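**Q** Just to be clear, the model below is a prediction. Sequence and coordinates:
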Amino acid sequence: MQQTIRREDALEYHAKGRPGKIEVIPSKEYSTQRDLSLAYSPGVAEPCLAIAADPDDAFKYTAKGNLVAVISNGTAVLGLGDIGALASKPVMEGKGLLFKIYADIDVFDIELNTTNIDEFVRTVKILEPTFGGVNLEDIKAPECFEIEQKLKQELTIPVMHDDQHGTAIVSGAALLNALELVRKRIETVQFVILGAGAAAISCANQYVALGARRENMVMFDIHGPLRTDRTDLNDITRPFATSRNIESMADAFAGADVFVGLSKGNLVSPDLIRSMAKDAIVFAMANPVPEITYQEAIEARPDLIMATGRSDYPNQVNNVLGFPYIFRGALDVRATEINEAMKLAATYALAELAKRTVPDLVNLAYNEPNMIFGRDYILPKPVDPRLLTTVAPAVAKAAMDSGVARQPIQDWDAYEQQLARRIGQENPISRVILAKAKANPKRVVFADAENLKVLKAAQQVRDEGIAHPILLGEVDKIQPLIRANNLDLGAVPIIDPRSAEQEALVDRFGELYFEKRKRKGVNPTEARKLMMIRNYFGAMMVETGEADALISGLTRTYPDAIRPALQIIGKEPGVRKVAGMYILLTKYGPLFFSDTTVNVNPSAAEIVEITELTAQAVERFNIKPRIALVTYSNFGSAKGEDAEKMHEAVERLQQKYPDLTVDGEIQAHLAFNTELLRHNHPFSKLVEEGANTLIFPNLSAANIAYNLMREAAGLDAIGPILLGIRKPVYVLQMGSSEREIVNMVAIAVVEAQGKENR
Ligand SMILES: NC(=O)C1=CN([C@@H]2O[C@H](COP(=O)(O)OP(=O)(O)OC[C@H]3O[C@@H](n4cnc5c(N)ncnc54)[C@H](OP(=O)(O)O)[C@@H]3O)[C@@H](O)[C@H]2O)C=CC1
Ligand SMILES: CC(=O)C(=O)O
Ligand SMILES: [Mg+2]
């Protein structure tokens, strides 16, 4: 299931919008003159004075306690080698992104233009006041050892070279679990370690701490095996020199149990893997290209436990499983260092977590029905939210037990809750939808394939196995776009309803349309002509089963765009009016807004129907709807048409569905403010958790609300999702981004799957 990441895509991802991957966002209000006087002069003088009197107050009044410096000089950037400080910046920004999304830690990336050890150390030392921790990254051996050692001595905040210890912690856990699966003992297994740099040395040391024997290891650098008769070894590499008569990789691999690659891509042949002992363990961890590819290795040996540093194969052994949580735990107890006890605790916590039942969310994200501890699952997956709540507390506890915690945690339950809240900000809904779609991709026809964004989205859904696209449009327009943008849509069909080849199909569709509409004033000639319009043709493909869903291009207005689908496919039985829903991805989780799209001023009865359709749609995302009917009044507090209409709709809904969480009429802010609700309206059904679904009194309010959230609050929106139609038809909005289109396609596929099962 390797994904193709094209050079153009990677470059465009980094260049689009605001260049790079990070930005700085103020965390306090700053809109009034008073705010500014507090944030800056004169108010700012007070925390300055407090910190001058007691340096620990820096943790109270500044971002220091949650701010980590990711620092590199670019001398060993992934497996790309010494590409320099500036060229390392994308990797360092990437680490910053991972720190943030997985552990809610803020990062400044710092690229230092020096290969001089003392200059590097001095620079980091004078930066100490700014940060709560220092993550050294991609600095080559042997300088990295001295740099880290000196900084650990001189700084009172935790310092960790991630390529050394992050990798050691994570691969140590993978090793323990792999050995358990093949029933071998760490004390007796024979290792081949390719690379004798930052990562390799530290990993080997960690394995020794876990019980491995140095005399069972053969390590290689670029000059060959580290042997006791070599004169070019240093204090760090010499302990790993072998006294065995090993001259080549072939000598070392023969009969070995474990291969650890932390060097460069493509250095290991399938023959070498074949020469290893039964149930061999292969960790080819060089990035981005492993020492041997996953495919080659498992083809060479079916009995292998195979891991790489990459996310696109099973068993990703990558320090991303370590550094966010190690620093989280260390920062949360204000540890003065990251010591051996903390590293071992992290290794054991990771190893243990892999044996626990995998949450559905993680299975869904990887499109696996049920991942269980075994040869293809030796470590937790990076998206597993339990990593934070398991590894960070283990590290924090080890810091306390080993006496380096300056602020011990007292209440572990409260700490875990606080951690869980931190990742509550991450929104799994797109992942759930994408994973569900991939489990059973459907044929999706794109009515507007002459548009580049649509083509790119089609490319993505095809590459990722979300859908099988069918493109509608003129071949002479689409093909040049594909070529000019270096897309590769392979055998994806391109259909032009106006071309000679489609005449027979257009005839058939025309006849069908005439049958459906002959008593609505349509004649056969008109019917045939309409079928040459792509939105009509696409809808007819879905109706006749030639496709499973339609992603239609926006014509003039939404009602115009959905008309062909309504005429051709029609509404679900029992549905009188269709409606449209938007999903807003907020930091509190997804919010569902309805009806944002179709009904201008629905009656109370229609509001009831809209709510029913919306509730069913929300449930399709495995989410329990908690519905608020919003307006300007609370539970009868104000008069007026909308207030009374919503009031009546709530009464009907509560009567019809006593188990549904639906309440109102209510003001939007109150639907989320459970404290205020409890105080003033303790009887409300929303009092426990607040709402996640808002039903609006009219199109104007709904449309304004979601557009404001999208533009002013900068939230991602998915929609409009057409509710109540017999088969999935989605209309793209002008200005939809490629990502929004991909999300829409995934939702359409999920809906098509649901309809198929009914
Ligand atoms: N999966 C993961 O989580 C991680 C993966 N890595 C990967 O590990 C690799 C090394 O990183 P790092 O330790 O930081 O870098 P270093 O530069 O410190 O180490 C690289 C090592 O590889 C050796 N090497 C290079 N080419 C060969 C060769 N042809 N044959 C044998 N040995 C060779 C070097 O030998 P010499 O000493 O003679 O120069 C050196 O010992 C990178 O590919 C990196 O992406 C690193 C950290 C984490
Ligand atoms: C993962 C990582 O840190 C590296 O490859 O360098
Ligand atoms: Mg690295």
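**A** On my side now, so go ahead. Numbers count the residues shown, from 1 in each chain. Ligands and ions are numbered 1, 2, ... in the order given.
**Q** SS state for the closest residue to ligand 2 within the stretch 251-400 of the chain?
**A** Nearest residue of the stretch 251-400 of the chain to ligand 2: Asn287, at 3.5 Å (CB to the nearest ligand atom). C-beta here means a position set from N, CA and C on the backbone, and glycine is covered the same way. In terms of secondary structure, Asn287 is coil; the call rests on DSSP: H, G, I helix; E, B strand; the rest coil.
**Q** didn't it look like it was pressed against Gly309?
**A** Yes: counting by CB atoms under 8 Å, Asn287 touches Gly309, with 4.6 Å between them.
**Q** residues shared between the contacts of these two?
**A** Taking CB atoms under 8 Å, 6 or more residues apart in numbering as the contact rule, the neighbours common to Asn287 and Gly309 are Asn318.
**Q** Settle it for me: which of the two has more neighbours?
**A** Taking other CB atoms under 10 Å, Asn287 and Gly309 do not tie; Gly309 has more neighbours (26 against 19).
**Q** got the residue ranges for the helices in the stretch 651-758 of the chain?
**A** Assigned by DSSP state H, counting those that start in this stretch, the helices in the stretch 651-758 of the chain fall at 668-672, 674-680, 699-711, 738-757.
**Q** Nearest to Asp271, out of those helices?
**A** Closest approach to Asp271 among the helices of the stretch 651-758 of the chain is made by helix 738-757 (41.6 Å; CB to CB).
**Q** Pull the distance from the closest one to the chain's centre.
**A** 18 Å (CA atoms, centre = their mean, to the nearest Å).
**Q** What lies in contact with that helix?
**A** 430, 433-434, 436-437, 439-442, 444, 453-454, 456-457, 460-461, 466-467, 469, 548-551, 620, 716-719, 721, 726-730, 732-733, 736.
**Q** Using PDB, write down the CA coordinates of it.
**A** Output in PDB follows, covering the C-alpha atoms of helix 738-757 (Å, rounded to 0.1, in the frame of the first residue of the first chain):
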ATOM      1  CA  GLU A 738      -8.300  20.000  -3.400                       C
ATOM      2  CA  ARG A 739      -8.400  18.700   0.200                       C
ATOM      3  CA  GLU A 740     -12.100  19.700   0.500                       C
ATOM      4  CA  ILE A 741     -12.900  17.900  -2.700                       C
ATOM      5  CA  VAL A 742     -11.100  14.700  -1.500                       C
ATOM      6  CA  ASN A 743     -13.100  14.800   1.700                       C
ATOM      7  CA  MET A 744     -16.300  15.200  -0.300                       C
ATOM      8  CA  VAL A 745     -15.400  12.200  -2.500                       C
ATOM      9  CA  ALA A 746     -14.700  10.100   0.600                       C
ATOM     10  CA  ILE A 747     -18.000  11.100   2.200                       C
ATOM     11  CA  ALA A 748     -19.800  10.200  -1.100                       C
ATOM     12  CA  VAL A 749     -18.100   6.800  -1.100                       C
ATOM     13  CA  VAL A 750     -19.100   6.100   2.500                       C
ATOM     14  CA  GLU A 751     -22.600   7.100   1.700                       C
ATOM     15  CA  ALA A 752     -22.600   4.800  -1.400                       C
ATOM     16  CA  GLN A 753     -21.400   2.000   0.800                       C
ATOM     17  CA  GLY A 754     -24.200   2.600   3.200                       C
ATOM     18  CA  LYS A 755     -26.800   2.700   0.500                       C
ATOM     19  CA  GLU A 756     -25.500  -0.600  -1.000                       C
ATOM     20  CA  ASN A 757     -25.900  -2.300   2.400                       C
END
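**Q** Look at the residue lying closest to Asn486 once chain neighbours are set aside and tell me its secondary structure.
**A** Distance criterion CB to CB, 6 or more residues apart in numbering; nearest residue to Asn486, sequence neighbours excluded, is Glu8 at 5.6 Å. Here Glu8 is recorded as helix under three-state DSSP.
**Q** What pLDDT is listed against Glu8?
**A** For Glu8, the pLDDT comes out at 89.
**Q** next one: Leu554
**A** Looking at Leu554, its pLDDT stands at 65.
**Q** just the helices in the stretch 401-550 of the chain please.
**A** If DSSP H, counting those that start in this stretch is used as the criterion, the helices of the stretch 401-550 of the chain fall at 412-424, 429-439, 452-463, 475-484, 503-517, 524-530, 534-543.
**Q** Tell me how many other residues crowd the residue lying closest to Lys639 once chain neighbours are set aside.
**A** Of all residues not flanking Lys639 in the chain, Ser633 sits nearest, at 7.8 Å (CB to CB, 6+ apart). By other CB under 10 Å, the residues close to Ser633 number 19.
**Q** Distance of Ser633 relative to Ala702?
**A** 17 Å (CB to CB, to the nearest Å).
**Q** Ok, Gly132 next?
**A** Per CB to CB, Gly132 is found 44 Å from Ala702.
**Q** Over to Arg519?
**A** Using CB to CB, Arg519 is found at 34 Å from Ala702.
**Q** Pick out whichever of those two has more residues nearby.
**A** More neighbours surround Ala702 than the other of Arg519 and Ala702, with 26 against 7 (other CB under 10 Å).
**Q** which residues does the more buried one contact?
**A** Taking CB under 8 Å, 6+ apart, we find Ala702 in contact with Phe593, Ser594, Asp595, Thr596, Thr597, Phe696.
**Q** now with 10 Å?
**A** 579-582, 593-599, 610, 630, 694-696 (CB atoms under 10 Å, 6 or more residues apart in numbering).
**Q** Let's see the pLDDT reported for it.
**A** The score at Ala702 is 97. That number is its pLDDT.
**Q** now swap in Val506 and tell me
**A** At Val506, pLDDT is 97.
**Q** Test my guess that it contacts Arg528.
**A** Yes: between Val506 and Arg528 there is a contact at 6.3 Å, judged by CB atoms under 10 Å.
**Q** Between those two, which is the more surrounded one?
**A** Val506 (21 against 18).
**Q** contacting residues around the residue of the stretch 301-450 of the chain found nearest ligand 3?
**A** In the stretch 301-450 of the chain, the residue that lies nearest ligand 3 is Asn319 (6.7 Å; CB to the ion). Asn319 sits next to 95, 98, 135, 137, 162-171, 199, 285, 287, 309, 326 when contact means CB under 10 Å, 6+ apart.
**Q** The residues you listed: which ones sit near ligand 3?
**A** When contact is defined as CB under 5 Å from the ion, the contacts of Asn319 meet ligand 3 at Asp163.
**Q** Now do the strands in the stretch 101-250 of the chain.
**A** 106-111, 133-136, 159-161, 191-194, 217-221, 224-225 (DSSP state E, counting those that start in this stretch).
**Q** quick one: contacts for Gly719?
**A** By CB under 10 Å, 6+ apart, the neighbours of Gly719 are 580-584, 592-594, 596-597, 706, 710, 730-731, 733, 736, 740, 743-744, 747.
**Q** And these, which of them are buried?
**A** Taking 16 or more other CB atoms under 10 Å as the criterion, what is buried in the contacts of Gly719 is 580-584, 592-594, 596-597, 706, 710, 730-731, 733, 736, 740, 743-744, 747.
**Q** Please identify the most buried of the helices of the stretch 401-550 of the chain.
**A** helix 534-543 (a mean of 26; mean count of other CB atoms under 10 Å).
**Q** elements contacting that one?
**A** Secondary-structure packing of helix 534-543 (3 or more CB pairs under 10 Å, 6 or more residues apart in numbering; DSSP states H and E): strand 442-446, strand 467-472, strand 494-495, helix 503-517, helix 524-530, strand 549-552, helix 558-568, strand 729-731.
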